[in-house]
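Novice: pasting a predicted model and its sequence here:
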Amino acid sequence: MTTTARSCSVRSSATTSFPVPVAEGLAVHGHGVPLLLGATGDEFDGGAPGIRNAAARAAGTRLTDTLFRAACPRAAASRRDATDGTWLYSFEWPSPVLGGAVHCADIPFFFDVLDAPSTAEVLGTQPPPELATCMHADLAAFVHGRPPAWEPATGRLGDPAREYGRPGAVPAADTAGVFDPVVVC
């Protein structure tokens, strides 16, 4: 049996179930393709109205770390032997409306569409345009085949990553270890 998705083929026996776990798939496919992967700092644990109590925020933090942030170093570890690199980013700009760097808040910045309809409902009326300019430039360069300016990750403690929008910092800062709290050694 052969299953084809885009340009990847997976040969399997009748006992193999699909889909395979992401880390397993990344360990054997796409090594010739560079990967830019990241997560927001508060995917599901922002302080939006209705989720301001401590128990709900703690549950959101567990979901954020388990479903999103931990996937980044796992993917980098799975691609450790890839001929093309894996670069990680962490989006940290806290939406004043939602109370954190919540799920998908990075998308309008990466595509530099801060003026798109309904964006103000999520990001407020004054999201920082310099952050969008920086993130969009990084994404456009990557899409055009230029490797990111920071070092690739390998899924180990202290991995390099780019942090976007951390309060009090420059729009983009190259750091190490931003994903360490969720790395399993």
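Specialist: Everything's here; your move.

Novice: which stretches in the protein count as helices?
Specialist: Ranges of helices in the chain, per DSSP state H, are 22-28, 54-63, 71-78, 107-110, 119-123, 129-143.

Novice: could the ones you listed go into TSV alongside distance to Pro96, mean neighbour count and mean pLDDT?
Specialist: (C-beta placed from N, C-alpha, C; glycine too.) Formatted as TSV, the helices of the chain follow (distance: least, Cβ to Cβ, whole Å; neighbours: other Cβ atoms under 10 Å; pLDDT from 0 to 100):
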stretch	distance to Pro96	mean neighbour count	mean pLDDT
helix 22-28	33	15	79
helix 54-63	17	14	78
helix 71-78	26	22	92
helix 107-110	14	20	98
helix 119-123	8	16	94
helix 129-143	14	16	98
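
Novice: how about the contacts made by the residue nearest the centre of the chain?
Specialist: The centroid of the chain falls nearest to Gly38 when counting by Cα atoms, centre = their mean (1.4 Å). When contacts are counted by Cβ atoms under 8 Å, 6 or more residues apart in numbering, Gly38 touches 72, 88-91, 106, 161.

Novice: Asp180 too?
Specialist: Applying Cβ under 8 Å, 6+ apart, we find Asp180 in contact with 157-159.

Novice: can you add neighbour count and pLDDT and give the residues you listed back as a markdown table?
Specialist: Shown next, in a markdown table, are the contacts of Asp180 (neighbours: other Cβ atoms under 10 Å; pLDDT from 0 to 100):
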| residue | neighbour count | pLDDT |
| --- | --- | --- |
| Leu157 | 11 | 95 |
| Gly158 | 13 | 96 |
| Asp159 | 24 | 96 |
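
Novice: just the residues you listed now: which is nearest Arg62?
Specialist: Within the contacts of Asp180, the smallest distance to Arg62 is 20.7 Å, found for Leu157 (Cβ to Cβ).

Novice: cool, thanks, talk later.
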